[in-house]
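Enquirer: model the structure of this input:
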Amino acid sequence: MPIDEFQKQINMANQPTILVVEDEEDLRDIVIYNLEREGYQTIGVETGEQGLEQAIAKKPDLIILDLMLPGMNGMDVCRHIRQNGEIQAIPIIMASAKGEEADIVSGLELGADDYVTKPFSPRILLARVSSVLRRSKQVDVVDVSLLKIDGLTIDTKKFQLSIDNEAIDLTKSEFGILHFLASHRGWVFTRYQIVDAIRGDKYVVTERAIDVQIAGLRKKLGSHADLIETVRGVGYRFKE
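Expert: So this is what the prediction gives:
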C-alpha cells in the first residue's frame, strides 16, 4: 500500500464518527456525502430502531437524528439514548421538517444538543456539527468555576461577577442563569431547562420569571448585554 494512502487511512480513523438517522434516502446520501467530504466517518440508517442499535453498538461521536421517522420516531430515540448510561453523553443534533417551535423545544428538553430545520444547507449543517463536536470536547476540560469571557469574570467560588474588574451585584437567580449559560456557550436552552439547572432549595424560579430575570441581568451587563441572545420561541443562549 502506498505511504500516502496508508497515512490517509490513519487520518480517517482518527476522525469523529457521525451516525445519520434519516429515512429519506436522497437526503441521507447528501448529508453523508458532505460529512465525508469534510473528513468525518459516517454511519447511515433509515429507522429509529436501527439508529438506536447503531448508537449502542458503535458509540458514535455525534448523532444527526431526524424527528419524523417510521416506527420509533426521533423523540423516542433521543429519550432512549439519554436514559442509557453507556451512550447518554453522545451529542445529538435533531432535524425537524416542520420547524415548529413546539418540536424544537421538545427536542431540546429531551436532551438534544442542537437542531436544524429542513430544508437546510450543507454549510449550515456542517457548521452545527463542528460547533457541537467542539463543545462536547470542551465540557470535560473547562474549569467552569472561573469563567473569563469578553471582559466578564464569573467566579462561583466568590459568587461574584466582575466586568472590566468592577464588581457587579447580582441576585442568586441572575448569577445562576449567567453562569449556567456562560459555561455552555453557544448552547440553546429552553426556559424549563434553565429553571431546572438553577433551581435550589433557597430560592424558587418559574419559567415565566426567567424572562424577567434575563431582562434584569441584561440591564446589569450594560454594554455586554448582547452576550445573552434570545432564540425566538425556544429560549436563550450565551453568544459563542
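
Enquirer: how far out from the middle of the chain is the top helix by length along the chain?
Expert: Across the chain, the longest stretch assigned as helix under DSSP state H is helix 122-138. Helix 122-138 sits 9 Å away from the centroid of its parent chain (Cα atoms, centre = their mean, to the nearest Å).

Enquirer: try stretch 83-97
Expert: Taking mean C-alpha positions (Cα atoms, centre = their mean), stretch 83-97 and its chain are 10 Å apart.

Enquirer: send me the helix or strand that comes right after the longest helix of the chain as CSV with only the CA atoms.
Expert: Later in the chain than helix 122-138, the nearest helix or strand by DSSP states H and E is strand 146-149. Extracted C-alpha coordinates of strand 146-149, given in CSV (Å, rounded to 0.1, in the frame of the first residue of the first chain):
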residue,chain,number,x,y,z
LEU,A,146,-13.9,30.7,37.0
LEU,A,147,-15.0,32.0,33.6
LYS,A,148,-13.4,34.9,31.8
ILE,A,149,-15.3,36.0,28.7
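
Enquirer: direction included, what does the very next helix or strand once past strand 146-149 pair against?
Expert: Per DSSP H and E, the first helix or strand lying C-terminal to strand 146-149 is strand 152-155. Within its sheet, strand 152-155 is paired with strand 146-149 (antiparallel), strand 160-163 (antiparallel), according to DSSP bridges.

Enquirer: I'd like the next helix or strand past the worst-scoring helix or strand of the chain on mean pLDDT.
Expert: Using mean pLDDT, DSSP states H and E, the weakest-scoring helix or strand in the chain turns out to be helix 3-13, at a mean of 47. On the C-terminal side of helix 3-13, the closest following helix or strand by DSSP H and E is strand 17-21.

Enquirer: which elements pack onto that next one?
Expert: When contacts are defined as 3 or more Cβ pairs under 8 Å, 6 or more residues apart in numbering; DSSP states H and E, strand 17-21 packs onto helix 25-37, strand 41-45, helix 48-58, strand 62-66. Backbone N, C-alpha and C define where each C-beta goes, glycine included.

Enquirer: mean confidence score for that strand?
Expert: Confidence for strand 17-21, expressed as mean pLDDT, is 97.

Enquirer: flag the shaky bits of this structure, pLDDT-wise.
Expert: By pLDDT under 70, the low-scoring segments of the chain are 1-14, 98-100, 137-144, 199-207.

Enquirer: list the contacts of the residue nearest to the spatial centre of it.
Expert: Centroid-nearest residue in the chain, with Cα atoms, centre = their mean: Asp113, separated by 2.6 Å. Neighbouring residues of Asp113 by Cβ atoms under 8 Å, 6 or more residues apart in numbering: Pro91, Ile92, Ile93, Val132, Arg135, Ser136, Trp187.

Enquirer: cool, Glu240 as well?
Expert: Glu240 sits next to Ser131, Arg185, Gly186 when contact means Cβ under 8 Å, 6+ apart.

Enquirer: gap between it and Val188?
Expert: 10 Å (Cβ to Cβ, to the nearest Å).

Enquirer: repeat for Asp113
Expert: Asp113 is 9 Å from Val188, where distance means Cβ to Cβ.

Enquirer: cool, and Arg123?
Expert: In this view, Arg123 and Val188 are 19 Å apart by Cβ to Cβ.

Enquirer: more crowded one of the two?
Expert: Taking neighbours as other Cβ atoms under 10 Å, Arg123 and Val188 compare with Val188 leading, 21 against 9.

Enquirer: surely the more buried one meets Val105?
Expert: No: checked against Cβ atoms under 8 Å, the pair Val188 and Val105 is beyond contact range at 9.8 Å.

Enquirer: can you pull the residues that touch both of the two?
Expert: Going by Cβ under 8 Å, 6+ apart, residues that sit against Val188 and also against Val105 are Val234, Gly235.
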